[in-house]
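Asks: Need the 3D shape of this:
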Amino acid sequence: MGSTVINDTVTLLLPVGTSFLYSYPAPIAVSGNTVKWLTDSILPFGNNNIWFDAHIDSAVALGTILHFEATVGPLSGDIDPTNNIAIVDKVVTGSFDPNEKTVDYPNPNSNGYISPTQELIYTVFFQNTGTDTAFNVVVKDTISSNLDVNTLKIIGASHDYTVSIHNGLLRFDFNNILLPDSNVNELLSHGYLRYAIQPKANLTNGTNISNTAYIFFDYNVPIVTNTTSNTILITAVGSIANKNDIKVYPNPSSKNITIEWKSNSSETTTLEILDLTGRTINKEGINMATETNSHSMDISTLQNGVYLLRISNDKQTAVFKVVKE
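Replies: Numbers count the residues shown, from 1 in each chain. All right, here's what the predicted structure looks like:
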């Protein structure tokens, strides 16, 4: 988004377990898992797209996180080179629908749990799997009422588009897209859109954020994507003396967790295990002055999943995430 036309190199580092197949445009170099392209005169506020296919080895286990990293440059005279890198982590799944919606966020193996201020990056993928060219494509994306539309940022799309939002419905119109069907040109039969948005302020613990997209190819009935789902997880709301002086281990645990503290407190302290809706499942009272700087809690009867451990006295509170496995 500067004021200079960009002509430079794009470098993609593929994760272990994958191999490059082909791309459009063709790369200038392929060496192992490193692929390079030359950019084609990107104008200020403009963008270019590179399409590529990669093979995932059958030995890669389901649930594996694949780390893709792309960089542009070096750009001579760039005042902010820190934004010349893009990283996408993808979880390997067992099936594939070319029309789908994904959500990216840190720690994609966290079962969808995010912090209250975590920006979410949504991508809607679509493909013309019909028998003729699609002249127009419309994507209607339902924005969760728990997302702040004022933080919406359009990151990019595969083709020229117009965008509008009304009553929580985000609409992308790809007019005259001329998307070939997959039988004629598989590589160019794909399209996508990508945007970022943040949760609303002051969402409570356990709040769910769900989104679904509807893809219209010309006058056909819409294709409904999968529904993405994230859950707000508040892991800390304060401190008792110093939250860093409290340790909770082992975590994850299948039987017991130990709460260990350094400070010498004479106050009665309450230990609570809560589910993500805030419901108290187990509650114990201890006196930190009379115990030997540690206390054990039995969590063996809990269902596997994520819980909150709330430690509180009359003055302060600390909350820790606990995983039962």
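
Asks: Leaving out sequence neighbours, find the closest residue to residue 307.
Replies: Leaving aside its sequence neighbours, residue 307 sits nearest to residue 322 (Cβ to Cβ, 6 or more residues apart in numbering; 4.8 Å). Any C-beta I mention is one placed from the backbone N, CA and C, and that applies to glycine too.

Asks: is it true that that neighbour touches residue 254?
Replies: No - proximity of residue 322 to residue 254 does not meet the contact threshold set by Cβ atoms under 8 Å, at 11.7 Å.

Asks: For those two, work out which one has more neighbours and name it.
Replies: More neighbours surround residue 322 than the other of residue 322 and residue 254, with 21 against 12 (other Cβ atoms under 10 Å).

Asks: Just to be sure, the more buried one is in a strand?
Replies: Yes - using DSSP: H, G, I helix; E, B strand; the rest coil, the secondary structure at residue 322 is a strand.

Asks: so where's the stretch 201-325 of the chain shaky on pLDDT?
Replies: Counting by pLDDT under 70, the stretch 201-325 of the chain shows low-confidence ranges at 235-244, 263-267, 277, 288-291, 314-315.

Asks: What residues does residue 135 make contact with?
Replies: 176, 177, 178, 218 (Cβ atoms under 8 Å, 6 or more residues apart in numbering).

Asks: Can you select the buried ones from those residues in ChimeraX?
Replies: Selection of buried members from the contacts of residue 135 for ChimeraX, criterion 16 or more other Cβ atoms under 10 Å:
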select :177
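
Asks: between the contacts of residue 135, which is closest to residue 35?
Replies: Nearest to residue 35 among the contacts of residue 135 is residue 177, at 26.4 Å by Cβ to Cβ.

Asks: how about low-confidence regions in the stretch 51-200 of the chain?
Replies: Low-confidence segments of the stretch 51-200 of the chain (pLDDT under 70): 74-80, 93-97, 106-111.

Asks: repeat that for 80
Replies: Across the stretch 51-200 of the chain, residues meeting the criterion (pLDDT under 80) sit at 58, 61-63, 73-84, 91-97, 106-112.

Asks: quick revisit: and the residue nearest to residue 307, what does it touch?
Replies: Counting by Cβ under 8 Å, 6+ apart, residue 322 has contacts 248, 251, 252, 253, 257, 273, 299, 306, 307, 308, 309.

Asks: Just give me the neighbour total for the residue nearest to the third one when sequence neighbours are not counted.
Replies: Read that as residue 252. Computed as Cβ to Cβ, 6+ apart, the closest residue to residue 252 that is not its neighbour in sequence is residue 323, at 3.8 Å. The number of residues packed near residue 323 is 17, by other Cβ under 10 Å.

Asks: Touching, residue 323 and residue 306? I think so.
Replies: Yes - contact between residue 323 and residue 306 holds when scored by Cβ under 8 Å: they sit 5.6 Å apart.

Asks: Distance of the residue nearest to residue 252 relative to residue 261?
Replies: To residue 261, residue 323 is 21 Å away according to Cβ to Cβ, to the nearest Å.

Asks: repeat for residue 22
Replies: 58 Å.

Asks: Which of the two has more residues huddled nearby?
Replies: Counted by other Cβ under 10 Å, residue 22 and residue 261 do not tie: residue 261 has more neighbours, with 20 against 12.

Asks: Leaving out chain neighbours, which residue sits closest to the more buried one?
Replies: residue 246 (5.0 Å).

Asks: mind listing what that neighbour touches?
Replies: Per Cβ under 8 Å, 6+ apart, neighbours of residue 246: 240, 259, 260, 261, 262, 311, 318, 320.

Asks: hang on, isn't the fourth one packed against residue 286?
Replies: No - the pair formed by residue 261 and residue 286 falls short of the contact definition of Cβ under 8 Å, at 10.1 Å.

Asks: Give me the neighbour count for residue 39.
Replies: 17.

Asks: wait, doesn't it sit right on residue 9?
Replies: Yes - with contact defined as Cβ under 8 Å, residue 39 reaches residue 9; the gap is 7.3 Å.

Asks: overlap in contacts of these two?
Replies: residue 72.

Asks: Which secondary structure state is assigned to residue 188?
Replies: Residue 188 - assigned by three-state DSSP - is helix.

Asks: How about the contacts made by the closest residue to it other than its chain neighbours?
Replies: The spatially closest residue to residue 188, leaving aside those adjacent along the chain, is residue 180, at 5.6 Å (Cβ to Cβ, 6+ apart). By Cβ under 8 Å, 6+ apart, the residues touching residue 180 are 128, 133, 188, 189.

Asks: Check which helix or strand residue 259 maps to.
Replies: strand 256-261 (DSSP states H and E).

Asks: for residue 68, same thing?
Replies: Going by DSSP H and E, residue 68 is part of strand 65-72.

Asks: Buried ones in the next helix or strand after that strand, by neighbour count?
Replies: Using DSSP H and E, the helix or strand that follows strand 65-72 in sequence is strand 85-91. For strand 85-91, a neighbour-count test (16+ other Cβ under 10 Å) marks residue 89 as buried.
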